[in-house]
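1. Need a 3D model of the following:
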Amino acid sequence: LTAGVHYLTGDIIRYSCLPGFTLVGNEILTCRLGERLQMDGPPPVCQG
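-> Take a look at the predicted model:
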């Protein structure tokens, strides 16, 4: 995610890691509308 970028309901965010790191968690998250705009799960992390 990029600071200052606005995401809309239904936008899809695809995560990836640099070579040598493994993505732990969901590769794809979707923005959903709730009390405020939220992702449909926690962001993944890259482990090396």
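2. so where is the chain shaky, pLDDT-wise?
-> 1-3, 34-37 (pLDDT under 70).
3. Let me know the outermost residue of it.
-> Distance from the C-alpha centroid of the chain, by C-alpha atoms, centre = their mean, peaks at residue 20 (19.8 Å).
4. Can you get me a residue count around the residue lying closest to that one once chain neighbours are set aside?
-> Spatial nearest neighbour of residue 20, excluding adjacent residues (C-beta to C-beta, 6 or more residues apart in numbering): residue 48 at 5.7 Å. Where C-beta positions appear, they are placed from N, C-alpha and C, glycine not excepted. Neighbours of residue 48 under the rule other C-beta atoms under 10 Å: 8.
5. ok, now which ones touch the closest residue in space to residue 13 that isn't next to it in sequence?
-> Of all residues not flanking residue 13 in the chain, residue 29 sits nearest, at 4.9 Å (C-beta to C-beta, 6+ apart). With contacts defined as C-beta atoms under 8 Å, 6 or more residues apart in numbering, residue 29 is in contact with 12-13, 15, 39-41, 43.
6. Now render the residues you listed as CSV, adding distance to residue 25.
-> Output for the contacts of residue 29, formatted as CSV (distance: C-beta to C-beta, whole Å):
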residue, distance to residue 25
12, 15
13, 12
15, 8
39, 11
40, 12
41, 8
43, 7
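7. Looking at those residues, which are in helices?
-> Judged by DSSP state H, helices contain none of those.
8. between the residues you listed, which is nearest residue 6?
-> residue 13 (12.5 Å; C-beta to C-beta).
9. Pretty sure the closest one sits against residue 28.
-> Yes: if you go by C-beta atoms under 8 Å, residue 13 and residue 28 touch, sitting 7.1 Å apart.
10. picking that back up, for residue 40, see how far away the residue farthest from the centre of the chain is.
-> Distance, residue 20 to residue 40, using C-beta to C-beta, to the nearest Å: 28 Å.
11. and if you look at residue 7?
-> Separation of residue 7 from residue 40 (C-beta to C-beta) stands at 12 Å.
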